[in-house]
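1. Sequence and computational prediction follow.
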Amino acid sequence: MRLRVLGCFIAIVGTVCADRLPLVWPTPNRAFLEGKPYEDYIQPTRSGRIESGLYGCTRNGGHRFHEGIDLKSIERDRAGRSMDPVFAAVPGRIAYVNRVAGNSSYGIYVVLEHEYEDVTFYTLYSHLRSVDPQIKTGLYIEQGAVVGVLGATAGGYTIPESRAHLHFELGLQLNSEFGWWYDQQGYGSKNHHGDWSGINLVGWDPLKFYRLALRGQIDGPRDFLLRQPKALTVRVDYPGVPDFIRRNQGLVTRTAGNKRRGWEIDFSPYGLPLRWREAPESAFAEQTSKIAVVDYDPDLAFKLCRDLLDRRGGGAVPGKDLRRSLELLFGP
């Protein structure tokens, strides 16, 4: 169901109202909302570098991508265990609940799905200590509803209780029928999470999104995505309508009077599909392959933590991460 609401930015205590997407901060810590430094609300990794808890190429010397932000615990019991409630940032449908910590590097996590301005996006809440008993898949909840308790759960590695945090993501799901792709990869392990595996999710910077929302500069995700800088443009020979487009009509520019043969897609420096344009027959006059990189910014397209493009000759071709995203968007 499309959200049709008059929204307020709710800062746990007090509100700033506007005709925009309802939005709350996902933990009780008000430090970000009060303009305090990162150290007051971001949880770094064991490196101690505060940047390691931020979005982007922030880990392993810039070689590892962090898809969201890590928000520290401020409420603990007498034993030192985190007790912060975690709130739904946006009204939406509970799309997935993983209650088995060992099944994912996210640990115990919940995904909400949201629709606004013809964009379908998700919020993800991970490393939870527990999920609220009332949280059930398919249930619609309002912004500010308690999703669970902040924790330190994870599969495959250990987060000490002293670094308990909420890993919080906003982003786009690449394909709503992810299973077919996963089954073809031969990973040798079960896909426990269906369409809500992290492989199928691409996040954007939550802090940047919240800052723009607080200033009243965006109404919601469509405004945000259409304003993001382009790292590269890919043209794909595919006359059909991808599943992604059916769920994100707000990101598409139609070409009046020309029959569509394919699509041109702008990607962010971290591989987020931003803007889609219908490409007519004439655009493919000199294109000899299904996929072509038609433009890129050399200062943005070659991030250390994302293999979006590989240099070849005097140009570039899709790298491993971009090829995987295009497979999920258009099929192998």
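-> Noted; the coordinates are in hand. In this text the structure is predicted, and so the values were computed from the model without any measurement.
2. tell me the contacts of residue 317?
-> The contact partners of residue 317, taken as C-beta atoms under 8 Å, 6 or more residues apart in numbering, are 293, 309-310. From N, CA and C alone the C-beta is placed, and that goes for glycine too.
3. Hmm, residue 315 is touching residue 293, no?
-> Yes. Under the criterion of C-beta atoms under 8 Å, residue 315 lies in contact with residue 293, with a separation of 6.8 Å.
4. So those two - more neighbours on which side?
-> A direct count of neighbours by other C-beta atoms under 10 Å for residue 315 and residue 293 places residue 293 higher, at 21 against 11.
5. mind checking how far the closest residue to that one other than its chain neighbours is from residue 325?
-> Excluding its sequence neighbours, the residue lying closest to residue 293 (C-beta to C-beta, 6 or more residues apart in numbering) is residue 316, at 5.2 Å. Plainly put, residue 316 is 15 Å away from residue 325 if you go by C-beta to C-beta, to the nearest Å.
6. who has more neighbours, these two?
-> Set residue 316 next to residue 325 and count neighbours by other C-beta under 10 Å: residue 325 wins out with 24 against 19.
7. Could you tell me the end-to-end distance of stretch 246-257?
-> Stretch 246-257 has an end-to-end distance of 21 Å (C-alpha to C-alpha, to the nearest Å).
8. Report the distance from that stretch to the chain centre.
-> 21 Å (C-alpha atoms, centre = their mean, to the nearest Å).
9. buried residues in that stretch?
-> 247-248, 250-251 (16 or more other C-beta atoms under 10 Å).
10. again, but for stretch 208-217
-> The neighbour-count check on stretch 208-217 (16+ other C-beta under 10 Å) flags 208-210, 213-214 as buried.
11. now swap in stretch 98-118 and tell me
-> Applying 16+ other C-beta under 10 Å to stretch 98-118 flags 98, 101, 103-104, 106-117 as buried.
12. follow-up on the earlier one: between the contacts of residue 317, which is closest to residue 43?
-> If you rank the contacts of residue 317 by distance to residue 43 using C-beta to C-beta, residue 309 comes first, at 32.1 Å.
13. Over to the spatially closest residue to the closest one that is not a sequence neighbour: give its phi and psi.
-> What sits nearest to residue 309 in space, not counting adjacent residues and going by C-beta to C-beta, 6+ apart, is residue 316, at 4.2 Å. Here is the backbone geometry of residue 316 (degrees, to the nearest 10): phi -150, psi 150.
14. any idea how far the longest strand along the chain is from the chain center?
-> Counting by DSSP state E, the longest strand found in the chain is strand 119-131. With C-alpha atoms, centre = their mean as the basis, strand 119-131 stands 10 Å off its chain's centre.
15. hmm, back to that, tell me the two of the buried residues of stretch 98-118 that are most distant?
-> Applying C-beta to C-beta across the buried residues of stretch 98-118, the maximum distance is between 101 and 117, 34.9 Å.
16. The residue nearest to residue 182 when sequence neighbours are not counted and residue 104, how far apart?
-> Using C-beta to C-beta, 6+ apart and skipping the chain neighbours, the partner closest in space to residue 182 is residue 191 (4.6 Å). Residue 191 sits 11 Å away from residue 104 when distances are taken as C-beta to C-beta.
17. now do residue 232
-> Taken as C-beta to C-beta, the span from residue 232 to residue 104 is 30 Å.
18. repeat for residue 134
-> 22 Å.
19. Residue 242 now?
-> Distance of residue 242 to residue 104, given as C-beta to C-beta: 26 Å.
20. cool, and residue 146?
-> Residue 146 is 21 Å from residue 104, by C-beta to C-beta.
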